[in-house]
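In: Everything below, folded, please.
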Amino acid sequence: MMDGHTYSGGPHGLGAGRETYAALLATHELSTAAPNLGDSYVFDGGGITLRPRDYFEIFYVAEDTDYIAFSLDSSAEVVSSFGAEDPKTVTVLPGRMHFHPAGQALYARYDGRSMQVVSVAVNRSLRSQIAEGMGLGEFRPPYGVNLQTPLTEALGRRLRDFMTNGRPGGEIVARSLAVVAVHEALAALADGPYHGGAPLEALEASPLRRALDFIEANIDRDITLNEIADVACKSPFHFARTFKSAIGTTPVAYVIERRIERSKELLTRTDLPISVIATRCGFNSQSHFCRTFRRLAERSPREFRRESAV
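Out: Numbering: from 1, shown residues only. Reported below is the predicted structural model:
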């Protein structure tokens, strides 16, 4: 049911530019057997896996299983090959989902430890049922990276919470979360209103990575567009245009989104006063933080903290 991986640990470096798919086949076994890639919960029709923050390398073909991976906490550069293409480096963004359809080979290698990945595996038949219910008919979803809908980041965190908090609700909750994950992935892949934007090739991996890392490292202070563009070695106008094309939102809006997501983590996992959280997330006042939080989260920080504790 959850067919699909081979794994070898340890850092390998990101120099995949000269690697080819043929070289991968010569040095790796393309497998349909699932190794222990993390903590897994299997339910009827699929499963959920939470990978540790560590190096990973996978090379698999899942004949009857779709995989939807959620990247959490940090951007990362991942060497990947899909559908027998030569491997390339892709910048994976935090709070996004990545769709790997059944029947297609995937190679992926991550050499860091800052990003965490939680993945959902579902039988292709379940995906077909959901697509039919969405009015997509015989839609055959393609491979997709950095997909986003209004629910994506919250859904990734909810899946992680399910895996780390004793599996509350068991199979009913696991299957429900998987159905929502498939629905959101199909909505993005079908070029609906929540499509995640142009491929990341629209912005080179290294300038994008530098900009994203700079944002994460400086989220607690005021960040200007000029500063971010300087890190990426681009003019502010060119950087803003290509950033939006690649990520689907402006640099300023992205910074605000990351501040709010950081604040949600602090509200959920700490007892810090809201005024302190506002400062740590780069807001110049508690009132500004509360107004922005309510606009994006549709509730106040106190309401969010109270709901998260239930």
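
In: average pLDDT across stretch 103-119?
Out: For stretch 103-119, the mean pLDDT works out to 88.

In: Likewise for stretch 133-142?
Out: For stretch 133-142, the per-residue pLDDT averages 83.

In: in it, what's buried?
Out: Leu136, Pro141 (16 or more other Cβ atoms under 10 Å). The way it works is simple: take the backbone N, C-alpha and C, and place the C-beta from them, glycine included.

In: what sits up against the lowest-mean-pLDDT helix or strand in the chain?
Out: Every helix and strand in the chain was compared by mean pLDDT, DSSP states H and E; the lowest is helix 205-217, with a mean of 79. Contact partners of helix 205-217, identified using Cβ atoms under 8 Å, 6 or more residues apart in numbering, comprise 74-75, 77, 89-91, 93, 200, 223, 227-229, 231-234, 239, 243, 246, 251, 254-255, 258.

In: rerun at 6 Å
Out: Ser75, Glu77, Thr89, Thr91, Ile228, Val231, Ala232, Val255 (Cβ atoms under 6 Å, 6 or more residues apart in numbering).

In: Enumerate every residue touching the first one.
Out: Residues touching Ser75, when contacts are defined by Cβ under 6 Å, 6+ apart, comprise Leu93, Pro94, Leu212.

In: circling back to that earlier point, closest to Ala26 out of the contacts of helix 205-217?
Out: Taking Cβ to Cβ as the measure, Thr89 is the one of these closest to Ala26, at 20.5 Å.

In: sorry, back to before: let me have the contacts of Ser75 in a markdown table, adding distance to Leu50 as columns.
Out: Converted to a markdown table, the contacts of Ser75 look like this (distance: Cβ to Cβ, whole Å):
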| residue | distance to Leu50 |
| --- | --- |
| Leu93 | 19 |
| Pro94 | 16 |
| Leu212 | 23 |
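
In: would CSV of the residues you listed with neighbour count and distance to Thr164 be doable?
Out: Below are those laid out as CSV (neighbours: other Cβ atoms under 10 Å; distance: Cβ to Cβ, whole Å):
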residue, neighbour count, distance to Thr164
Leu93, 25, 22
Pro94, 22, 18
Leu212, 24, 25
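
In: closest to Leu266 among these?
Out: Nearest to Leu266 out of those is Pro94 (Cβ to Cβ; 15.5 Å).

In: measure the closest one to Val120 for me?
Out: Per Cβ to Cβ, to the nearest Å, Pro94 is found 17 Å from Val120.

In: so where do the helices sit in the stretch 51-200 of the chain?
Out: Applying DSSP state H, counting those that start in this stretch to the stretch 51-200 of the chain gives helices spanning 124-133, 152-164, 170-189.

In: Name the nearest of the contacts of Ser75 relative to Ser40.
Out: Checking those one by one against Ser40 (Cβ to Cβ), the nearest turns out to be Pro94, at 22.3 Å.

In: show me the contacts for the closest one.
Out: Per Cβ under 6 Å, 6+ apart, neighbours of Pro94: Ser71, Asp73, Ser74, Ser75.

In: Please tell me the pLDDT value assigned to the first one.
Out: Yep, that's Ser71 we're talking about. 94.

In: Same check on Ala34?
Out: pLDDT at Ala34 comes out at 50.

In: Then the one 3 residues further on?
Out: pLDDT, the model's per-residue confidence, is 72 for Leu37.

In: Check which helix or strand it maps to.
Out: For Leu37, there is no host helix or strand (DSSP states H and E).

In: what about Ala278, which helix or strand?
Out: Counting by DSSP H and E, Ala278 is part of helix 274-280.

In: Can you list the low-confidence ranges for the stretch 51-200 of the chain?
Out: Residues of the stretch 51-200 of the chain that meet the criterion pLDDT under 70 lie in 191-200.
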